[in-house]
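Peer 1: Give me the fold of what follows.
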Amino acid sequence: MAEVLISNTYFLQFDKKQLKQMQPYAPLGTLYVASVLRQNGFDVSFFDTTFRKSPHEIHSPFTIHDSPFFIICDDGFNYLTKMCLTNMREAAFEMIAIAKRFGSTVIVSSSDSTDHYKEYIACGADFIIKGEAESTLTELMKKLKNDENDFQNIPGLYFKLSEAIVETPRREVLHDLDSLPMPAWDLADVNFYRDKWIEEHGYFSMNFVTTRGCPFKCNWCAKPIYGNRYNSRSPESVVNEIKFLLQKYHPGHFWFCDDIFGLKPGWVKRFSELVQQENITRPDLFGNFKFKIQCRADLLLEENNIESLAKAGCDEVWIGAESGSQKILDAMEKGTTVQQIYQSTRLLKKHGIKPCFFLQFGYVGETKKDIQATKKMLLDLMPYDIGISVSYPLPGTKFFEMVKEDLKGKANWSDSDDLAMMYRGTFSSEFYKQLHRYIHKLYRREQGFQMLKKIFTTPSSLHSIDWHRIFALPYFIPASWWNNFKLQLAEKN
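Peer 2: Residues are numbered from 1 along each chain as shown. Got it, this is the predicted structure:
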């Protein structure tokens with residue numbers, strides 16, 4: 001019997017886009033919480049929902065362990081959980097109901113439960129944790145184990161008392177991240193993740209985090225777990241853990257899932273120096289060490305960060321470019337400029353790092369001219385990859401307050417490919433749907449043309465040609481034309 005059964009609620013099966021892409025990562029935030037609980041003397045078992053087909057499969061571990069405490073803890077480092085998808089919320093409600101039938105005390109920690117704590121408590125959850133889970137959960141679990149009930153003295157909770165919901169003060173965030181134990185990787189089926197990655201992509205990628213939080217004020221960005229504070233692990237701690245994971249699990253790639261990588265002055269330089277000192281980039285010692293990060297265009301231009309990243313083995317940098325219109329970036333309170341996007345992208349390419357863009361359409365006040373500016377920026381810079389979305393209002397953001405009067409029906413996406421407009425934009429939902437498809441196909445078409453041109457202009461680089469892009473041209477050429485035609489029809493309607 002395991003004292004505590006901990007689980008996540010992200011099901012690949014319910015997110016067809018991610019299922020097709022098959023780039024699964026174990027729930028890192030969940031594994032951190034499991035590790036902290038074990039450090040505090042609790043016997044923990046883990047039920048990973050990532051590859052499960054139904055929330056009803058939680059019956060099996062309850063039958064085996066008969067755990068008195070059931071914790072749903074989603075991975076707050078993964079953007080997929082921050083999107084608060086309704087498919088996953090419904091799965092969480094089913095899991096809560098099952099746990100209650102087994103007589104367990106149910107505790108939930110997630111972005112969605114923080115935003116919708118009343119609904120979760122109504123479905124049977126006993127406690128909702130707001131903010132970081134580790135300290136609050138440890139304190140709560142010790143009181144529950146000792147049959148104490150003065151929960152009002154625990155910061156960071158929602159719970160029901162005499163038919164009323166009690167909210168305790170928010171807990172201060174953790175500052176010393178080096179004091180946390182390593183995630184409980186031994187509880188995850190790492191081999192299964194590895195097999196899926198190698199089967200689909202020919203290499204194995206693991207997730208990793210060096211920081212918590214983000215101090216920037218982009219007004220559409222929700223931060224229900226780690227807030228607007230920013231705390232960082234030491235480069236020494238990070239490099240030691242990377243060495244451990246390379247030696248034990250042999251990944252060929254890491255995704256550093258920080259909201260903002262390397263914000264602390266001097267951090268990237270020191271990290272790069274340590275990676276080189278420890279010979280982590282030597283294939284004969286540690287295999288093929290590559291990683292991708294998320295960063296801001298302005299930060300990349302500071303302190304020779306791009307050069308240091310290249311020396312450390314950085315393969316991809318995802319920039320929150322969002323728009324090629326400075327008007328829209330300013331309206332978002334992004335704090336970056338279009339010029340910085342151009343500069344950082346070109347420098348990344350110069351140093352052999354693949355720049356990638358997150359692009360966002362549909363923000364309040366966006367015009368056809370702004371859309372054209374984003375399209376121009378994309379075609380001028382031709383990043384290695386792109387992710388396209390429409391503006392998505394989430395509770396707790398200034399953007400949500402701006403458009404909440406329009407949110408009378410659907411307020412969350414069902415899965416990551418939903419991309420429905422939740423409010424009244426400049427154009428119709430059908431327009432933005434066709435715009436997403438057109439920009440994507442146009443970009444892939446131009447990638448193919450670039451590769452084709454490279455054959456004739458630089459024949460010495462044939463080894464670096466992405467032949468898949470060339471072979472896909474017969475599809476993307478007519479598809480881009482057709483989607484542009486449908487986009488023009490949608491604009492008129």
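Peer 1: Does N207 fall in a helix, a strand, or a coil region?
Peer 2: strand (DSSP: H, G, I helix; E, B strand; the rest coil).
Peer 1: Nearest spatial neighbour of it, chain-adjacent residues omitted?
Peer 2: Y25 (4.2 Å; C-beta to C-beta, 6 or more residues apart in numbering). (Each C-beta comes from the backbone N, C-alpha and C, glycine too.)
Peer 1: What count of nearby residues applies to that neighbour?
Peer 2: 19 (other C-beta atoms under 10 Å).
Peer 1: Point me to the helix or strand that includes it.
Peer 2: Secondary structure assignment for Y25, by DSSP states H and E: no helix or strand.
Peer 1: got it, and the one 5 residues further on?
Peer 2: With elements taken from DSSP H and E, the one containing T30 is helix 28-39.
Peer 1: quick one: strands adjacent to the helix or strand just after that helix?
Peer 2: Following helix 28-39 in sequence order, the next helix or strand is strand 44-47 (DSSP H and E). Paired strands of strand 44-47, with direction, are strand 4-7 (parallel) (DSSP bridges).
Peer 1: Buried residues, the helix or strand immediately after the partner strand in the chain. List them.
Peer 2: As assigned by DSSP H and E, the chain's next helix or strand after strand 4-7 is helix 16-21. Applying a neighbour-count criterion of 16 or more other C-beta atoms under 10 Å, one finds Q18 buried in helix 16-21.
Peer 1: Could you identify the longest helix within the protein?
Peer 2: Longest among the helix segments of the chain by residue count, using DSSP state H, is helix 429-457.
Peer 1: starting at the chain centroid, how far to that helix?
Peer 2: 25 Å (C-alpha atoms, centre = their mean, to the nearest Å).
Peer 1: List the buried residues of it.
Peer 2: Buried, per 16+ other C-beta under 10 Å, within helix 429-457: 429, 431-448, 451, 454.
Peer 1: Show me what the next helix or strand after it is packed up against.
Peer 2: Next along the chain after helix 429-457, taking DSSP H and E as the criterion, comes helix 467-471. Under the contact criterion of 3 or more C-beta pairs under 8 Å, 6 or more residues apart in numbering; DSSP states H and E, helix 467-471 touches helix 429-457.
Peer 1: thinking again about what came up before, and the residue nearest to N207, what are its phi and psi?
Peer 2: Main-chain dihedrals, Y25, degrees, to the nearest 10: phi -120, psi 140.
Peer 1: Next, the buried residues of stretch 278-295.
Peer 2: 280-281, 286-287, 289-295.
Peer 1: Could you pull up the residues touching the residue nearest to N207?
Peer 2: Residues in contact with Y25, defined by C-beta atoms under 8 Å, 6 or more residues apart in numbering, are 75, 78, 193, 205-207, 255, 257.
Peer 1: Quick one: buried ones out of those residues?
Peer 2: 75, 78, 193, 205-207, 255, 257.
Peer 1: So which of those residues sits lowest on pLDDT?
Peer 2: The member of the buried ones among the contacts of Y25 with the lowest pLDDT is N78, at 90.
Peer 1: looking at it, it is touching A26, isn't it?
Peer 2: No. Using C-beta atoms under 8 Å, N78 makes no contact with A26, being 9.8 Å away.
Peer 1: can I see the domain layout of the chain?
Peer 2: Using automatic domain parsing, the domain ranges for the chain come out as 4-167, 427-493.
Peer 1: Identify the residues contacting stretch 133-145?
Peer 2: Contacts of stretch 133-145 (C-beta under 8 Å, 6+ apart): 4, 29, 32-33, 36-37, 40, 42, 69, 71, 73, 105, 107, 109, 127, 129, 149-151, 154-157, 171, 174, 180, 225.
Peer 1: which ones among those residues are found in strands?
Peer 2: Mapping the contacts of stretch 133-145 onto strands (DSSP state E) picks out 4, 69, 71, 73, 105, 107, 109, 127, 129, 157.
Peer 1: Who are the contact partners of the third one?
Peer 2: By C-beta under 8 Å, 6+ apart, the contact list for I71 reads 4-7, 33, 106-109, 137.
Peer 1: Next: the fifth one.
Peer 2: With contacts taken as C-beta under 8 Å, 6+ apart, T105 has the following neighbours: 68-70, 126-127, 144.
Peer 1: ok, and the most crowded of these?
Peer 2: Highest count within these by other C-beta under 10 Å belongs to F70, 28 neighbours.
Peer 1: which residues does that residue bridge with?
Peer 2: For F70, the beta-bridge partners are L5, V106 (DSSP bridges).
Peer 1: Distance-wise, check it relative to V173.
Peer 2: 25 Å (C-beta to C-beta, to the nearest Å).
Peer 1: Let's see the distance spanning stretch 44-55 from one end to the other.
Peer 2: End-to-end span of stretch 44-55 (C-alpha to C-alpha, to the nearest Å): 20 Å.
Peer 1: Please enumerate residues in contact with it?
Peer 2: Applying C-beta under 8 Å, 6+ apart, the contact partners of stretch 44-55 are 2-13, 24, 26-27, 30-31, 34, 37-38, 57-58, 61, 65, 67, 91-92, 94-95, 98, 184, 187-189, 192, 196.
Peer 1: Can I have the buried ones of the residues you listed as a ChimeraX selection?
Peer 2: ChimeraX command restricting these to the buried ones, with burial defined by 16+ other C-beta under 10 Å:
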select :2,3,4,5,6,7,8,9,10,11,12,24,26,27,30,31,34,37,38,58,61,65,67,91,92,94,95,98,184,187,188,196
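Peer 1: For S54, what are phi and psi?
Peer 2: According to degrees, to the nearest 10, S54 has phi -160, psi 140.
Peer 1: Tell me the spacing between it and A91.
Peer 2: Going from S54 to A91 by C-beta to C-beta gives 8 Å.
Peer 1: Could you do N304 as well?
Peer 2: In terms of C-beta to C-beta, N304 sits 46 Å off from A91.
Peer 1: do the same with E236
Peer 2: Counting by C-beta to C-beta - E236 and A91 are separated by 39 Å.
Peer 1: ok now do the most centrally placed residue in the chain, which residues does it touch?
Peer 2: Nearest to the geometric centre of the chain sits Y79, at 2.3 Å (C-alpha atoms, centre = their mean). Y79 sits next to no residue when contact means C-beta under 8 Å, 6+ apart.
Peer 1: Thank you, goodbye.
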